[in-house]
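K.L.:
Got a sequence here, can you build the structure:
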Amino acid sequence: MNDSSWQPEPVPAGPAYDAQVGPHTRPMPIVPDAAGRDFDDREARDRGAAPRGGPLFRDETPPQEPMPSPPPPSSQAPQNDSPPPKKRAGRDLRAAIGVGVGLGAVIFASLFIVKAVFVGVIAVAVVVGLWELTSRLQEQKGIKAPLVPLAVGGAAMVIAGYVRGAEGAWVAMALTALAVLVWRMTEPPEDYLKDVTAGVFAAFYVPFLATFVAMLLTADDGPQRVVTFLVLTVVSDTGAYAVGWRFGKHKLAPRISPGKTREGLFGAMAFAMAAGALCMEFLIDGGAWWQGLLLGLAVAVSATLGDLGESMIKRDLGIKDMGTLLPGHGGIMDRLDSLLPTAPVVWLLLAAFVGTG
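P.N.:
Purely as a prediction, here's the structure:
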C-alpha cells in the first residue's frame, strides 16, 4: 500500500482501547519508515518512542530531498570578441551628396532646356510635400487635412502662377481653400474646424509659396533668376553651418533649434551677401552689385526664419524629419523648409530692382 495514501480508521473510545496492551487491543498497523523499513508502532509506543513512519494523512507532505542548488552565475559577463559597432554621426554624407547632385542635375537640365518641364518639377515637389505634411499631421496629431483637393489645387496653383502671374496664383489659392472646406463636409462634423484649418495652412505653406518660383521663371532671364534664388539659399545655409560649426557659441533660438547660433546667422548673411553681389552683377539683366548685397541679406534672414519655422512644426509633431524619401536629407519638406519662404522675398526684391519682365 502506498504510504502517502494510507489513513487509520477511527478508534472508538473505551477501556478496551486504553494505553495498556491487552487481549482486546486492536493491533496497530505496520508503517514503513522513511528508509523503507517496516516499523511496529506498538513497540515504539511501549518504549515511549515516537513513531518513525511516513505521513498519516493525505494533506501531509512527505519529506523531500533538497534540490541541488544551481551553479552560481559567473561574476563576469561573457566577453564578446567582436568590436562594438562604430557610431555614425549625423546623416549619411555620401547619400546626401549623391541625392543633392541628382536633384541639381534635374533642376538645371529642366531650367535651361524647356521651362515647362521645370514647372512640372515644381508641381511634383509640391504634391509630394503636401503628402508628407498631411501624413505627419494625421499620424502625430490626428488631423485629417484632405489631401486630394490640396494636391489638385496645389498643382493648379503652380501652373496658374506661371501662366497668369500673381493674379492667377491668388485665384487658385482661393479656389483650393474652398475645395478643402467642401471636401471635408463629406465626413462627420467632429474636428471639422481643426481639419480645414490645417488644410488651408498646408495650401498656403507649400503650393502658394512655391508658386513664386514659377513666377520667377516667367521673366526673360527667368532661368537666371531661379538659379540666383537657389544659389543664395544654398550659400546662406552653407555659410550658417560653416561659421556656426567653427565659431558658434551663442544660441540663436535654443528652444526651437539648439544647433543654430548667432555667429552662424552672421555667417549666413556674409556668405549670402557676397553671393548676391556676384549673381546680380553677372546673372541678372540690369542688376547691380549693391542690390545683390541687399538681396543676399534678405535671403539669409528669410531662409533662417523658414528653417526655424519648419523646426517649430516638427517639434510640435515630435518628429525629426518630415519623410524618408531622400536618403541623407529626409523628406522633400526637409529640403523646402528654407526655400519656400525665400521664394516670395526674392521675387519681390527682383521685381523692385529690375522689374518682372
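K.L.:
Below-threshold pLDDT in this structure: ranges please.
P.N.:
The chain contains residues with pLDDT under 70 at 1-93, 95-96, 328-329.
K.L.:
centroid residue for it?
P.N.:
Among the residues of the chain, the smallest C-alpha distance to the mean C-alpha position (Cα atoms, centre = their mean) belongs to Ile319, namely 3.7 Å.
K.L.:
Tell me the helix or strand right after the host helix or strand of Gly292.
P.N.:
If you go by DSSP states H and E, Gly292 is part of helix 289-317. Scanning forward in sequence from helix 289-317 by DSSP H and E, the next helix or strand is helix 332-336.
K.L.:
Summarise which helices and strands that next one is packed against.
P.N.:
Applying 3 or more Cβ pairs under 8 Å, 6 or more residues apart in numbering; DSSP states H and E, we find helix 332-336 packed against helix 115-141. C-beta: built from backbone N, CA, C; applies to glycine.
K.L.:
Tell me which other helices or strands the longest helix anywhere in the chain touches.
P.N.:
The single longest helix within the chain, with elements called by DSSP state H, is helix 147-184. Identification of packing neighbours for helix 147-184 by 3+ Cβ pairs under 8 Å, 6+ apart yields helix 115-141, helix 192-203, helix 209-216.
K.L.:
helices and strands around the last one, which ones?
P.N.:
The reference is to helix 209-216. Packed next to helix 209-216, using 3+ Cβ pairs under 8 Å, 6+ apart, are helix 115-141, helix 147-184, helix 222-247, helix 339-354.
K.L.:
Which of those sits closest to Gly296?
P.N.:
helix 222-247 (5.9 Å; Cβ to Cβ).
K.L.:
how big is the angle separating the closest one from helix 209-216?
P.N.:
Counting by axes from the mean of the first three to the mean of the last three Cα atoms, to 10 degrees, helix 222-247 lies at 130 degrees to helix 209-216.
K.L.:
so the helix holding Gly292 versus helix 339-354, what angle?
P.N.:
Using the same axes, to 10 degrees, helix 289-317 lies at 160 degrees relative to helix 339-354.
K.L.:
Measure how buried Glu263 is and give me the count.
P.N.:
By other Cβ atoms under 10 Å, 18 other residues sit near Glu263.
K.L.:
gap between it and Thr176?
P.N.:
41 Å (Cβ to Cβ, to the nearest Å).
K.L.:
ok, now Asp220?
P.N.:
In terms of Cβ to Cβ, Asp220 sits 29 Å off from Thr176.
K.L.:
Now Thr218: which helix or strand?
P.N.:
Using DSSP H and E, Thr218 sits within no helix or strand.
K.L.:
Make 9 the starting number, not 1.
P.N.:
OK, 9 is where the count begins now, so the last one is Thr226.
K.L.:
pull the longest strand from the protein.
P.N.:
With secondary structure taken from DSSP state E, the chain has its longest strand at strand 265-269.
K.L.:
Nearest residue to Leu316 in space, please, no chain neighbours.
P.N.:
Ile264 (5.3 Å; Cβ to Cβ, 6 or more residues apart in numbering).
K.L.:
can you pull the contacts of the one you found?
P.N.:
By Cβ atoms under 8 Å, 6 or more residues apart in numbering, the residues touching Ile264 are 316, 319-320, 323.
K.L.:
make it 10 Å
P.N.:
Going by Cβ atoms under 10 Å, 6 or more residues apart in numbering, Ile264 touches 315-320, 322-323.
K.L.:
Thanks a lot, catch you later.
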